[in-house]
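Participant: coordinates for the following, if possible.
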Amino acid sequence: MRLYDPTTRKYVSAGPLTVKRPALPSAVPLFSRERAGIVALDFDTKHHGHGCVVADVTRLLAWLTECGGRAVVDQSTSGGRHVLIPLAPGRTVTADEIRPLLRLLAARLPTLDITPMTNHKTGCITVPGSQCKEGGYRTLVDLDPTTAADILTVGSDAGTLQRLEALLGGTGRTGTSPIDTHIRAETSSERVLGSSDDARLHPRFCRSAPPPRCVLDFASTGRIDTRRWPSRSEARQSVITHAVLAGASATDILTRVTEPAWAGVRAAYARYAEPERAIRRDTARALDWAASTLSDPVRDTGHKQRHTGGTYDPVLRLWLTHAQTWVASEFLHRRDRWTTHAVVQALAWAAAVSGQIVEGVPTVGVGGRSLSIAAGMLPESTVWSVLERLRDMEGSPLLLIERGVGQNPDRYALVPTHAGRAAVVDTVAGPAEVESVHPAWSVIGWRHRVLYDAVVAAAEPLTADELFTALGMGRTSGYEALLDLRVAGLLAIENTHIGIGPVELDDIGHRHGLTSAVRARIVRHRAERIVWREWLAAREEARTPPEPDRSVFVIVDDHPADPPDHDYMLAVMNTGPPDPF
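Facilitator: Below is the predicted model of the structure:
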């Protein structure tokens, strides 16, 4: 949490979240690993007063209800309000993804301050019950704590933010870089059926619920609600977007415009010299926005969330055991110990599925992007920094044997370590398969993975002290991790011995939508590689000298020289060249 400094009037210092309420006004970060599971909207009384804040919040809550959203509202002693919108389980957003919607809301709600949600590094919000800057405490509005907790736990309907953006007539794009363009193109190609005027959204992403009443009213009568649409342009775009979300194509929409139920839309496009062309443009814009913005439906509850592959190869298993023990010894009191364990596991998996054994030593060529997914969705920058540290350390189990050039990745040899062989702990060793790190650990925490894997691999149940001693983990840190794993349902304690709990890692992965997150990262990596190949090709083309223009050459003599005398050539061949002296 971040603590408020009355002198600077800013949240400057930071500290761990405490069980008791802090004495100073404090705020909690909104983003974790650059993604937020709650959209926090701050309505301020500084410029427009308390009455305007109440009106704006009421209007927003009405829009949320139309879009399937739920919210918790609290109020400060100054009259300002916070609206906390929990997303559906498994849904998260980045600051760039939410920014177009925030701009639409700010244009319609004058008391809204969108700053907290626009920066993933500094974005924070004070929560209900916390102390206010003016004195007193933030209190819930029209809610009791039990209902508020239920709303925050259950969350909103999937797609609430996209429906809200469509309701307000927005089809904003989140990025225009070459990578964003490739990502949008690949995503759209998988979610759009047909082409030209027959292109439509894939049925898996279509919405079956009818559009809001205000959208239907404008479509039929042309009456505009100026509180949600500044002009007829946003209103008609909202109608078109809702039709696209229902699975309509440009041909379908052109047909509906001629019907009485869409007389208002027909009148909105009447000012154009070519109305059909304008309708096709807005339909294409809505289809592109829907195909690139909508989240994947979370329906794959039976799918195992791991990379395919893996092996029981004794060479790789032995190296992994030695390497993990070496990391536990060398990184014992370092904060990057747990991420290093994950990268080492990912290297062993990569060697199992795409590496080679050269004279008994596993070798593998793999890039940091692929390893980031195999390491349980670690950030790519973290993977690159771990690899750099490992290959520079003395006695490391990782040896760089070939530097990557162009599209070829670095190649590594997975060498045994003397320290690892000497310190292998039999208590936690087992015949586990060499496989990738489950993405659920990106939600639970990286230090928890080593503790959980040790319990799974143990030959017999261990007590907490035995487990912490075997892993070289401190008691305080160990009991904190153990408590988190018990709360998550992954571990259970019976008669002081630790065993496997009723919840599986896949359950946590599906609850947090990690299958979609992995898929999105794969698509982004593919787009980044395409841009990288294009850059390499452009550089090579710039370095290659152009072919000379042969048209500028002047032929001095286009008649070939007379052939040499035949008798002279025979004399030279028989007697050799003449003596110069």
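Participant: what's the nearest residue to Met393 if we skip its chain neighbours?
Facilitator: Closest residue to Met393 apart from its sequence neighbours, by Cβ to Cβ, 6 or more residues apart in numbering: Glu330 at 7.0 Å. The way it works is simple: take the backbone N, C-alpha and C, and place the C-beta from them, glycine included.
Participant: against Arg337, how distant is the one you found?
Facilitator: Distance, Glu330 to Arg337, using Cβ to Cβ, to the nearest Å: 9 Å.
Participant: hmm, which helix or strand of the protein has the shakiest average pLDDT?
Facilitator: The helix or strand of the chain with the lowest confidence, counting by mean pLDDT, DSSP states H and E, is helix 418-422 at a mean of 55.
Participant: next SSE downstream of that helix?
Facilitator: Using DSSP states H and E, the next helix or strand after helix 418-422 towards the C-terminus is helix 441-444.
Participant: so what touches that following helix?
Facilitator: With contacts defined as Cβ atoms under 8 Å, 6 or more residues apart in numbering, helix 441-444 is touched by 33, 342, 376-378, 448-449, 484-485, 488, 490, 505, 508, 512, 514.
Participant: can you tell me the average pLDDT over that helix?
Facilitator: If you average the pLDDT over helix 441-444, you get 90.
Participant: longest helix in this protein, please.
Facilitator: Secondary structure of the chain per DSSP state H: the longest helix is helix 514-543.
Participant: quick check: next helix or strand after that one?
Facilitator: Following helix 514-543 in sequence, per DSSP H and E, is helix 566-575.
Participant: what comes up buried for that following helix?
Facilitator: Within helix 566-575, no residue is scored as buried using 16 or more other Cβ atoms under 10 Å.
Participant: of the contacts of helix 441-444, which belong to helices?
Facilitator: 342, 448-449, 484-485, 488, 505, 508, 514.
Participant: dump these into JSON lines; add neighbour count, pLDDT and distance to Pro230 as well.
Facilitator: Shown next, in JSON lines, are the ones in helices among the contacts of helix 441-444 (neighbours: other Cβ atoms under 10 Å; pLDDT from 0 to 100; distance: Cβ to Cβ, whole Å):
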{"residue": "Ala342", "neighbour count": "26", "pLDDT": "95", "distance to Pro230": "49"}
{"residue": "His448", "neighbour count": "21", "pLDDT": "93", "distance to Pro230": "49"}
{"residue": "Arg449", "neighbour count": "23", "pLDDT": "93", "distance to Pro230": "50"}
{"residue": "Asp484", "neighbour count": "16", "pLDDT": "91", "distance to Pro230": "47"}
{"residue": "Leu485", "neighbour count": "22", "pLDDT": "94", "distance to Pro230": "51"}
{"residue": "Ala488", "neighbour count": "20", "pLDDT": "90", "distance to Pro230": "46"}
{"residue": "Leu505", "neighbour count": "22", "pLDDT": "93", "distance to Pro230": "48"}
{"residue": "Ile508", "neighbour count": "20", "pLDDT": "90", "distance to Pro230": "43"}
{"residue": "Leu514", "neighbour count": "24", "pLDDT": "85", "distance to Pro230": "39"}
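Participant: which one of those is nearest to Thr496?
Facilitator: Among the ones in helices among the contacts of helix 441-444, Leu485 lies closest to Thr496 (Cβ to Cβ), at 15.8 Å.
Participant: ok, back up a step: relative to Thr340, how far out is the residue nearest to Met393?
Facilitator: Applying Cβ to Cβ to Glu330 and Thr340 gives a distance of 9 Å.
Participant: name the spans of the chain whose pLDDT lies under the cut-off.
Facilitator: 172-176, 297-310, 418-432, 549-564, 576-581 (pLDDT under 70).
Participant: what's the burial count for Pro379?
Facilitator: 15 (other Cβ atoms under 10 Å).
Participant: OK, contacts around the closest residue to it other than its chain neighbours?
Facilitator: Distances taken as Cβ to Cβ, 6+ apart place Ser372 nearest to Pro379, at 6.7 Å, with adjacent residues excluded. Neighbouring residues of Ser372 by Cβ under 8 Å, 6+ apart: 378-380, 382-383, 521.
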